[in-house]
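Participant: sequence first, predicted model second:
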Amino acid sequence: MKTLRVWLLLAVLFLPLVLSAQNNPDSVIGVWKNGEGTGMVQIYKKGDKYFGKIVWLKVPNNPDGTPRTDVNNPDEKLRSRPLKGLENLRDFVAKGDNKWEEGKIYEPKSGNDYSCEMKLVDENTLEVRGFIGVSLFGRTDVWKRQVKKA
């Protein structure tokens, strides 16, 4: 019985801390490594929306030593822009319950833009779902936090 009281007391003391972290829309801010481990994206806030830019690439340069560029972009004028520093997450709105929706994700590998939603599974795990049309038709990548509030 004493053990149960201790657990209940701990739950009462720490539950508000856990809940406040879960309901903090800025908890997504930081640096995240994609599921393949090929890149890292820094998520930040501009105004009341969330954005992300590529800050690290496992293979940052082409074989000739020049920085990798956005070669698969459908717009020829943008194909020479560097991948490092490229804003690939745009316009996410915090929706509560550790969810960010109404955003877009640009995938440099294909040169395609997709609708996107993000969900914080735990403090260090972010599910990023890109899709066309409805979320049912898409793909989820699991990102791991590298740095908090970078």
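Facilitator: Right, received. Where do you want to start? Residues are numbered from 1 along each chain as shown.
Participant: where does the protein have low pLDDT?
Facilitator: 1-22, 150 (pLDDT under 70).
Participant: show me where it has its helices.
Facilitator: 2-22 (DSSP state H).
Participant: strands along that one, start to end?
Facilitator: 30-33, 39-46, 49-57, 87-96, 99-107, 112-122, 125-131, 138-148 (DSSP state E).
Participant: of all the ones you listed, which one is nearest residue 79?
Facilitator: strand 99-107 (13.3 Å; Cβ to Cβ). Where you see a C-beta, it was placed from the backbone N, CA and C, and this is true even at glycine.
Participant: sheet-wise, list the partners of the closest one with their directions.
Facilitator: strand 87-96 (antiparallel), strand 112-122 (antiparallel) (DSSP bridges).
Participant: which parts of the shortest one are buried?
Facilitator: For strand 87-96, a neighbour-count test (16 or more other Cβ atoms under 10 Å) marks 88-90, 92, 94 as buried.
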